[in-house]
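>>> Using only what follows, build the 3D model:
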Amino acid sequence: MEQVILFFEAMRDQTGLAHLSFGNILMIGVGVTMIYLAVSKKYEPLLLIGIGFACVISNIPGSDLIREGGLFKLAYHGLEMLIVPPLIFFGVGALTDFGPMIANPRLVILGAAAHLGIFVALILAKMLGFTIAEAGAIGIIGGADGPMAIFVTMKLAPHLLPQISVAAYSYMALMPLIQPPVMRLLTTHEERRIRMKQLRKVTRLERIAFPIVIGVLVNLFFPPVAPLVTMLMLGNLYKEVLIVDRLAKTAANEVMNVIIIILTLAVGSTMNAESFLTIKTIEIVVLGLIAFVFGTASGVVGAKVMNLFLKDKINPLVGSAGIASVPIAAKVSHSEALRYDPENYLIYHAMGPNLSGVFGTAISGGILLALLGVH
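The predicted model follows:
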């Protein structure tokens, strides 16, 4: 009998059960919660299902997937080597219509106004004892641009990539929970019902010239972040020239889908209890939330300030779309407007500041990299 017990104990020791900690169980719960929010609440399932599942698996001790050479570890190396972020931008470019931004360029101001959160989080991080480089990487979470957050973090503070990437993508997915309370707090019922004039039609020449001009300007003036924006513009150029549909569709579908799978597995695999359940992680997650709140608030307030000088008023709800999460932030603005006027379709207007937010985050990231001596 004793030999049988010893046999089963030996078998147990060969499994992950023998090394499963309370922290592992807690993080498995976090991963399951992410999957629940994706399936039940429809909160960005493309992101949360992969991140949540990888979080669960990465907290099972002994899994070959998270060891060196394992599939999840290889996916993570794609982030470390900065291969995944530019390819994400490439796919996003092929999916994106920059028409709203071109048609109403004054809304570009909101893309700048909604980035106050980056610098608030940077200052608070420095006050908490993070180095200036670490604070810069933490601050970029407030831009709500996952690939840009990964890119800047790998340049400034690569050791914080797990915490920053998880915070950035988790808050992007949870934006429908985070933004509406801030938007309602800062706007009146009448402001939320403002209807904006239909945008002018953008010419084909404008659509083709836009990615070329932006690509040149970014490489001239913001070379530290040029790889991301350049790929964004290349994807958009494929879409707008209308003669390489096969390439445009491949970038928007097959490439984008594969890269999203790799990205979410890589991000989720960093959420193991041993490295993730620390005071520093909690501080980064809280600072990321503060950055998102301040970014949303500053965008809304920016729109209200613009209305003081405009004859044709802007619905302040589109100001919150000035952070760079495309098209999540624009959808939140649109959904919030529909609550107060079922016929007020803000999505096309909200895409203007939402798209300009991408460039706002790129400029902010480029400034941080330049000021901190990273080229």
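
>>> and residue 78, how many residues sit next to it?
When counting by other Cβ atoms under 10 Å, one arrives at 17 neighbours for residue 78. Glycine gets a C-beta too; all of them are placed from N, C-alpha and C.

>>> got it, and the one 4 residues further on?
Residues contacting residue 82 under the criterion other Cβ under 10 Å number 16.

>>> tell me the secondary structure for it?
Three-state call for residue 82 (DSSP: H, G, I helix; E, B strand; the rest coil): coil.

>>> quick one, what contacts it?
150, 151, 154, 227 (Cβ atoms under 8 Å, 6 or more residues apart in numbering).

>>> what's the distance between the first one and residue 323?
What it means is residue 150. 16 Å (Cβ to Cβ, to the nearest Å).

>>> Neighbour count for those two, which is higher?
The residue with more neighbours, out of residue 150 and residue 323, is residue 323; 36 against 28, by other Cβ under 10 Å.

>>> Now the more buried one: closest residue in space, sequence neighbours ignored.
Leaving out its chain neighbours, the residue that sits closest to residue 323 by Cβ to Cβ, 6 or more residues apart in numbering is residue 144, at 4.0 Å.

>>> And for that neighbour, the neighbour number?
35.

>>> So that it lines up with my notes, have the first residue be 55 from now on.
Shifting the count to begin at 55 puts that one at residue 198.

>>> What separation is there between it and residue 109?
Taken as Cβ to Cβ, the span from residue 198 to residue 109 is 21 Å.

>>> Where does the prediction get shaky in this structure?
For the chain, residues meeting the criterion pLDDT under 70 lie at 55-73, 427-429.

>>> for the protein, which helix is longest?
The single longest helix within the chain, with elements called by DSSP state H, is helix 333-361.

>>> Now do the buried residues in that helix.
334-335, 337-339, 341-358, 360-361 (16 or more other Cβ atoms under 10 Å).

>>> Packing partners of it?
Using 3 or more Cβ pairs under 8 Å, 6 or more residues apart in numbering; DSSP states H and E, the elements in contact with helix 333-361 are helix 162-167, helix 170-181, helix 186-193, helix 215-227, helix 229-240.

>>> nearest to residue 422, of those?
Smallest distance to residue 422 across these (Cβ to Cβ): 4.3 Å, for helix 186-193.

>>> just the CA coordinates of that closest one, formatted as CSV?
In CSV, the C-alpha atoms belonging to helix 186-193 read as follows (Å, rounded to 0.1, in the frame of the first residue of the first chain):
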residue,chain,number,x,y,z
ILE,A,186,12.5,58.7,-16.5
ALA,A,187,12.8,56.1,-19.2
GLU,A,188,10.4,53.8,-17.3
ALA,A,189,8.0,56.7,-16.7
GLY,A,190,8.0,57.5,-20.4
ALA,A,191,7.2,53.9,-21.3
ILE,A,192,4.4,53.8,-18.7
GLY,A,193,3.0,57.1,-19.9
